[in-house]
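Engineer: Below are the sequence and a predicted model; questions follow.
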Amino acid sequence: MKHLTSLVLACAVAMFGIFAATTDADAQERYGKQKVVYHINYDGGEDDRAYRGALRNMQNHINAVGAENMDIKLVLHGNGLGVLSAAMSNEALQGQVLELKGQNVAIHVCNNTLQGRKISYENDLFDVFEEDIVPSGVAELSHLQMQGYTYIKP
């Protein structure tokens, strides 16, 4: 009986190893290459929960498909610029933003919002550069969707 239990356990471990190895391959085969635009234009709420959750969704997406299989843009306008404003003093948000950027996520910041709210991207927002600024967040969303990007609002 002891031998049978060991054999069953060994088979179970082997099957798990095969399942784990094929899961990654299956995910890549299932999802393929993806072009995605994430849209944030809302307030982060208490402790920036909504922002942290949205960025976590993006990371989960990357984990499932693989950064090498993704072209991801994050468009921020209106209250969505709060992600980068809050990141000025929130180390958890800073880490999430830098992690996503390190996986080639491009962040597009709406110039209309910057101008309308008198926000300085150099002084008021975390890790934003001139090349990150787009004329209009809403127009950018439409532009990217016309190029085949899937729209996601987490």
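Structural biologist: Sure, I can see it.

Engineer: all strands of this protein, in order?
Structural biologist: 34-40, 70-76, 106-110, 133-134, 150-152 (DSSP state E).

Engineer: correct me, but residue 138 touches residue 77?
Structural biologist: Yes - Residue 138 lies in contact with residue 77 (CB atoms under 8 Å); the separation is 6.6 Å. All C-beta atoms are positioned from the backbone trio N, CA, C, and that covers glycine.

Engineer: The two: which is more packed in?
Structural biologist: residue 77 (24 against 15; other CB atoms under 10 Å).

Engineer: Export the strands of the chain to TSV and append columns for distance to residue 124, mean neighbour count and mean pLDDT.
Structural biologist: Formatted as TSV, the strands of the chain follow (distance: least, CB to CB, whole Å; neighbours: other CB atoms under 10 Å; pLDDT from 0 to 100):
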stretch	distance to residue 124	mean neighbour count	mean pLDDT
strand 34-40	17	21	98
strand 70-76	13	23	98
strand 106-110	11	22	98
strand 133-134	13	18	98
strand 150-152	26	13	98
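
Engineer: The chain - how does it break down into domains?
Structural biologist: The record's domain parsing of the chain by automatic domain parsing lists 1-31, 33-152.

Engineer: weakest of those domains in terms of mean pLDDT?
Structural biologist: When the domains of the chain are ranked by mean pLDDT, domain 1-31 comes last with a mean of 54.

Engineer: need the contact list for residue 49.
Structural biologist: With CB atoms under 8 Å, 6 or more residues apart in numbering as the criterion, no residue contacts residue 49.

Engineer: distance of it from residue 43?
Structural biologist: 10 Å (CB to CB, to the nearest Å).

Engineer: just residue 109 next, same as before
Structural biologist: When distance is defined by CB to CB, residue 109 is 16 Å away from residue 43.

Engineer: Ok, residue 143 next?
Structural biologist: According to CB to CB, residue 143 and residue 43 sit 25 Å apart.

Engineer: hmm, back to that, name the stretch among the domains of the chain that sits most buried.
Structural biologist: domain 33-152 (a mean of 17; mean count of other CB atoms under 10 Å).
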